[in-house]
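Novice: Build me a structure from this.
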Amino acid sequence: MSSSDLPPYFNINADSAMAAMDEPSSTGDFARIAAACQQGRSDLAGRGLDDLGQRHLRRFSTWEITKYLIPVAPAHFRRVLRQNPELPQGGAETDGGAKWFTLDEVLRLRAHFGAEGSKTKEYLPYRPKGQPAKVVAVANFKGGVGKTSTCAHLAMSAALDGYKVLMIDLDSQGSMTSIFGARIEDEWQTVFPLLARHYGEHLRADNQRRLDRGEPPQPLEETLSEALGVRAPDIIQKTHWPNIDLIGAQLNLYWSEFQIPVWRMAARGWKLWDALSDILAADGVLDEYDIVFLDTPPALGYLTINGLAAADILLVPMGASFVEFDSTGRFFDMLHSTFQSIEEGENMAARALGREELRFEWDAVQAVITRFDGAQQAEMAALIQAYLGPTLCPYRQDYTALIGQAGETVHGIYEADYRDFNRETYARGRATFDETYAAFKKLLIGAWRRDAQKDAEGT
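Specialist: Residues are numbered from 1 along each chain as shown. Model prediction:
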């Protein structure tokens, strides 16, 4: 066998290998590499920005609106516009060309059809009157499973469907924040001050009880005093989507994972798992929005526990491979251990005091296969489906050219202009996410309907 036939890891010359090496790396080199990544991230995120550094959502054509957004025939759509000149008329990019509309205009048109159109058609999204927003957590402690992209695309799907959406980025990597083009200066523009406020309110109430008993109060540190004045609307940012708002994240948010256990040790009676849900309810977020999406870190830390405890619906993205199936199973095992431990710890005292016991409950839990390659993974996906049954979404998110290009341009697939593809490629790429959204929407509507019926029955 000649040397050219050998695998490349044979006969590596030690002196040549040494000569090709750089000098040993130091701590300072991490900063250099991080700076290079930051520059690249800024350059990539800047694609599609205007001269002022702002991102804008593309317009939608008559064909796209009548096929995907408002269920009417194109001819009827044009006729309604002619008969109602006060409605948005769209704009043509060329003389006599197709009409294109902003999403704001689409939402106005949807409202018109909802009020004046056929009552047998679903022009307006379903949400029972008097029901609060549903909170949806997208979580898995394995990275690379499409967690953030799934969360972002479901939010965009819901926005196109007419829902008002709030995104909360709980991941200090801030990938969701980058997708929506937000700039977060420090941890005070993240969810951190809301969690700190919840602890500060608990400490303040506990101090009042101490004073009533004649005991000295615990000191309220400066951070907590400042957080007591922060409300969710103070840190919610608008995005380039008219009906998607954001509470963003950045690296300093990770500090919460160290600060929260310190607070917990100082006040064992503080129910940290209630922090996010209590704040969202107290600040009117659940009335202002229809759906709140939580993008969680790829770890089962305190931020993830807050997100999962606040959630009504839990979605778990996973790949169709043994490693990812195995990891996801361990994730569910850890969820069971974590929440069972919280319940047991709380209920021991609750039973002794005759109080209602704590019981975590979710409207629905569903796993979703992402980045699916039917040619390579069909058998594995079928096996996973057999084991998980109805816990696994029946639809798989295929990986298509549309999805790949959207990722390269730091856009969601719904932000891609179909004219950059042939319509078949666009429709196929979009369909895989539309099916996932349809499965999610079924859970959403079913949960709302069940809640509304329980309220009507007084249970």
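Novice: okay, CA-based contacts and neighbour counts for the rest of this
Specialist: Will do.
Novice: Test my guess that residue 131 contacts residue 448.
Specialist: Yes. In this structure residue 131 lies within contact range of residue 448 using C-alpha atoms under 8 Å: 7.1 Å.
Novice: Looking at these two, which one has more neighbours?
Specialist: Shown here are residue 131 and residue 448; by other C-alpha atoms under 10 Å, residue 448 has more neighbours (21 against 15).
Novice: And the helix or strand containing that one, what's buried?
Specialist: Here residue 448, judged by DSSP states H and E, is contained in helix 423-457. Applying a neighbour-count criterion of 16 or more other C-alpha atoms under 10 Å, the buried positions in helix 423-457 are 426, 429-430, 432-437, 439-441, 443-445, 447-449, 451-452.
Novice: quick one, strands of the stretch 101-250 of the chain?
Specialist: The residue ranges that make up the strands of the stretch 101-250 of the chain, judged by DSSP state E, counting those that start in this stretch, are 134-138, 165-169, 237-238, 244-247.
Novice: will you turn those strands into a markdown table that also has distance to residue 318, mean neighbour count and mean pLDDT?
Specialist: Output for those, formatted as a markdown table (distance: least, C-alpha to C-alpha, whole Å; neighbours: other C-alpha atoms under 10 Å; pLDDT from 0 to 100):
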| stretch | distance to residue 318 | mean neighbour count | mean pLDDT |
| --- | --- | --- | --- |
| strand 134-138 | 11 | 25 | 97 |
| strand 165-169 | 19 | 25 | 98 |
| strand 237-238 | 30 | 16 | 96 |
| strand 244-247 | 25 | 22 | 98 |
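Novice: could you redo the ones you listed as CSV and give each row distance to residue 392?
Specialist: Output for those, formatted as CSV (distance: least, C-alpha to C-alpha, whole Å):
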stretch, distance to residue 392
strand 134-138, 14
strand 165-169, 24
strand 237-238, 33
strand 244-247, 27
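Novice: sec struct for residue 261, please.
Specialist: Secondary structure of residue 261, reduced to three states by DSSP: H, G, I helix; E, B strand; the rest coil: helix.
Novice: just checking, what packs against the helix holding residue 448?
Specialist: Counting contacts by 3 or more C-alpha pairs under 8 Å, 6 or more residues apart in numbering; DSSP states H and E, helix 423-457 is packed against helix 147-160, strand 364-372, strand 392-398, helix 401-408.
Novice: what would these look like in JSON lines with mean neighbour count?
Specialist: Rendered in JSON lines, the data for these read as follows (neighbours: other C-alpha atoms under 10 Å):
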{"stretch": "helix 147-160", "mean neighbour count": "23"}
{"stretch": "strand 364-372", "mean neighbour count": "21"}
{"stretch": "strand 392-398", "mean neighbour count": "21"}
{"stretch": "helix 401-408", "mean neighbour count": "16"}
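Novice: Just put these in CSV and tack on distance to residue 9.
Specialist: Formatted as CSV, the helices and strands packed on helix 423-457 follow (distance: least, C-alpha to C-alpha, whole Å):
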stretch, distance to residue 9
helix 147-160, 36
strand 364-372, 32
strand 392-398, 35
helix 401-408, 32
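Novice: looking at the ones you listed, which is closest to residue 115?
Specialist: Closest approach to residue 115 among the helices and strands packed on helix 423-457 is made by helix 147-160 (18.1 Å; C-alpha to C-alpha).
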